[in-house]
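[1] Below: sequence and its predicted model.
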Amino acid sequence: MINKQKLPLYIALAVPVLMIILVAAFIYMPGAGKHPKYNFLYMTGNSVYDYGYGSTGYQVSGGRLIYTPPAQTSAYPPVPQTGPVNFYLYDVAKGQATEVTLAQAQMYTLDPTNSSPDGYFVQQGNSGGGDFLFGGGGGDYNSWYIKGNNRAVKLNLKLTGSAYSNFKFLGWEE
């Protein structure tokens, strides 16, 4: 039997707990059961990023992957390619990447925008500023995630070299 003298104490303790549960439900319930639907193409290899020194030459234009030789500017000569470039199609349903040839990659119709049509985007891990109580967690710059609809899933990418500098998102498969 509940002690009627302690009823205000029980209510005072229950209200904050119920508020936390309700706020969490309103934040996470809209994304529950939703999963990314669009696969994406990415490239990896040496000198994937240009660091302001020109371009790797691979880009999506008109929905297709094309290669344009790097432009030479007087201020920033292009960085020479130091190794092979590999292309992968990431299957979001299976959670795995499959290597494809350049010819196969050029056959896909791609949307190069940052966000997929269903609201997901690919993002690199962070420095751990808020991963642990009061920001004590370690960084995960070598990890990549697909995020959207109040969820984040770590990607199982195939990468060569450092994941930090050898990943380039090309586009969502349409």
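    Yes, it's here.
[2] Just give the nearest non-adjacent residue to the residue most central in space within the chain, would you?
    Centroid-nearest residue in the chain, with C-alpha atoms, centre = their mean: residue 122, separated by 2.0 Å. Nearest-residue entry for residue 122: residue 169, 5.2 Å, with adjacent residues in sequence omitted and distances by C-beta to C-beta, 6 or more residues apart in numbering. From N, CA and C alone the C-beta is placed, and that goes for glycine too.
[3] Same question for the helix or strand encompassing the residue nearest to the centre of the chain: list its buried residues.
    In the assignment (DSSP states H and E), residue 122 maps to strand 121-124. For strand 121-124, the neighbour count (16 or more other C-beta atoms under 10 Å) marks 121-123 as buried.
[4] Can you pull out the low-pLDDT segments for this protein?
    Residues of the chain meeting the criterion pLDDT under 70: 1, 27-33, 46-56, 70-83, 127-139, 161-165.
[5] can you give me the helices in it?
    7-28, 102-105 (DSSP state H).
[6] What lies in contact with the shortest one?
    Going back to what we said before, that points to helix 102-105. 41, 65, 67, 87, 89, 170 (C-beta atoms under 8 Å, 6 or more residues apart in numbering).
[7] Max pairwise distance over these: which two?
    67 and 89 (17.6 Å; C-beta to C-beta).
[8] quick one: which of these two has more around it?
    Taking other C-beta atoms under 10 Å, residue 67 and residue 89 do not tie; residue 89 has more neighbours (18 against 12).
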